[in-house]
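Colleague: Okay, structure incoming, though there's no sequence with it:
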């Protein structure tokens, strides 16, 4: 399946993925393929994964980045230069 990272907390070792169908799936650090764990900001990072059921919940497993390009950076608020004419 394809989707995008919602967020991933490196300190807590888990995060969430949004599937293309709009489902929110839990993902643990151990469910990423080697070398594919997101570092830093990862919101909207495209990912590929499989879905598994643990207990009564669906989770993402075998997660990897769908693109090797970094996600777009957020724009800083108030950083645009505006010209004022009098």
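Modeller: That came through fine. Every value quoted in this text rests on a predicted model; they were computed, and no experiment measured them.

Colleague: Could you use CA atoms for every contact and neighbour count after this?
Modeller: Will do.

Colleague: Excluding residues flanking it in the chain, which one is nearest residue 53?
Modeller: Spatially, and ignoring its direct neighbours in sequence, residue 53 is nearest to residue 59 (6.0 Å; C-alpha to C-alpha, 6 or more residues apart in numbering).

Colleague: pretty sure that neighbour contacts residue 49?
Modeller: No. If you go by C-alpha atoms under 8 Å, residue 59 and residue 49 don't touch, sitting 9.7 Å apart.

Colleague: Neighbour count: these two, which is higher?
Modeller: For residue 59 versus residue 49, neighbours defined as other C-alpha atoms under 10 Å are more numerous around residue 49 (23 against 20).

Colleague: Look up which helix or strand that one falls in, please.
Modeller: strand 46-54 (DSSP states H and E).

Colleague: quick check: mean pLDDT across that strand?
Modeller: In this model, strand 46-54 has an average pLDDT of 96.

Colleague: who does it pair up with?
Modeller: Here strand 46-54 has these sheet partners by DSSP bridges: strand 2-9 (antiparallel), strand 57-65 (antiparallel).

Colleague: Check the offset of it from the chain's centre.
Modeller: Put simply, strand 46-54 sits 12 Å off its chain's centre (C-alpha atoms, centre = their mean, to the nearest Å).

Colleague: Buried residues, that strand. List them.
Modeller: Buried residues in strand 46-54, defined by neighbour count with 16 or more other C-alpha atoms under 10 Å: 46-49.

Colleague: Now tell me what touches that strand from outside.
Modeller: 1-5, 58-67 (C-alpha atoms under 8 Å, 6 or more residues apart in numbering).

Colleague: Buried among those residues? Need that as a selection in ChimeraX.
Modeller: Selection of buried members from the contacts of strand 46-54 for ChimeraX, criterion 16+ other C-alpha under 10 Å:
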select :2,3,4,5,59,60,61,62,63,64,65
